[in-house]
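> Just a sequence and a predicted model for now, questions to come.
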Amino acid sequence: MTTTATSRLSALLASGENLLRVSLRLDAVVTTANGLAYLLLAQPLEGLLGLDATVGLAIGAFLTAYGIGVAIVGRPARTNRAAASAVAIGNGAWVVASLAALATGALGLTVVGAVWAVMQSVTVGGFAALQYLGLRRSR
């Protein structure tokens, strides 16, 4: 059964277009959920992550809107390459900005907040890499 599931997943992701579409859709779900969590939990996250609640609300609003935009890009059967490229570049920029904020201490994050920022950067970087790979394969 595992072999069947693995072979189905491999077949699904073998084509660049499928890989691109799946990575965009997964990115949209994760990003929107993350944004909503920042919006709904800004106050508790302030103490846990060290992220000012006002900044958390702004990040939440941005991520929610960005996630909805990514969902729109990933929805069609044939993905708009320019829009998908913009998402991959945006994800790369998020990683750079997150790591720069962490390195400079600009957000005053706690240790938990710093670990969260790194985990988030790895996740977003993974989406960017999959989207780039999907774009390359679908030429």
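Here it is on my side, so go on.
> what's the spacing between N18 and L24?
11 Å (C-beta to C-beta, to the nearest Å). Every C-beta, even on glycine, is put in place using the N, C-alpha and C of the backbone.
> give me the low-pLDDT residue ranges for the protein?
Along the chain, segments meeting pLDDT under 70 span 1-2, 7-14.
> what about the helices in it?
2-14, 16-40, 42-49, 53-74, 81-104, 111-137 (DSSP state H).
> Just want the angle from the fifth one to helix 111-137.
The one in question is helix 81-104. Angle, helix 81-104 to helix 111-137, by axes from the mean of the first three to the mean of the last three C-alpha atoms, to 10 degrees: 150 degrees.
> before we move on, back to that, arrange the helices of the chain in TSV, one row each, with mean neighbour count as further columns.
Listed next are the helices of the chain as TSV, based on neighbours: other C-beta atoms under 10 Å:
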stretch	mean neighbour count
helix 2-14	10
helix 16-40	19
helix 42-49	16
helix 53-74	18
helix 81-104	16
helix 111-137	17
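> Centre-most residue in the chain?
V124 (4.0 Å; C-alpha atoms, centre = their mean).
> what's near enough to touch that residue?
V124 sits next to N91, W94, V95, S98 when contact means C-beta atoms under 8 Å, 6 or more residues apart in numbering.
> cool, G105 as well?
G105 neighbours (C-beta under 8 Å, 6+ apart): none.
> So it versus L57, what's the distance?
Distance from G105 to L57, by C-beta to C-beta: 21 Å.
> Next: L135.
Counting by C-beta to C-beta, the gap from L135 to L57 is 33 Å.
> Count the residues that sit near G108.
Around G108 there are 12 other residues, counting by other C-beta atoms under 10 Å.
> Setting aside sequence neighbours, what's the nearest residue to it?
Once flanking residues are discounted, G108 sits nearest to G50: 5.3 Å by C-beta to C-beta, 6 or more residues apart in numbering.
> what's the one you found in contact with, if anything?
By C-beta under 8 Å, 6+ apart, G50 lies in contact with L107, G108, L109, T110, V112, G113.
> Distance of the fifth one relative to L135?
Meaning V112. In terms of C-beta to C-beta, V112 sits 35 Å off from L135.
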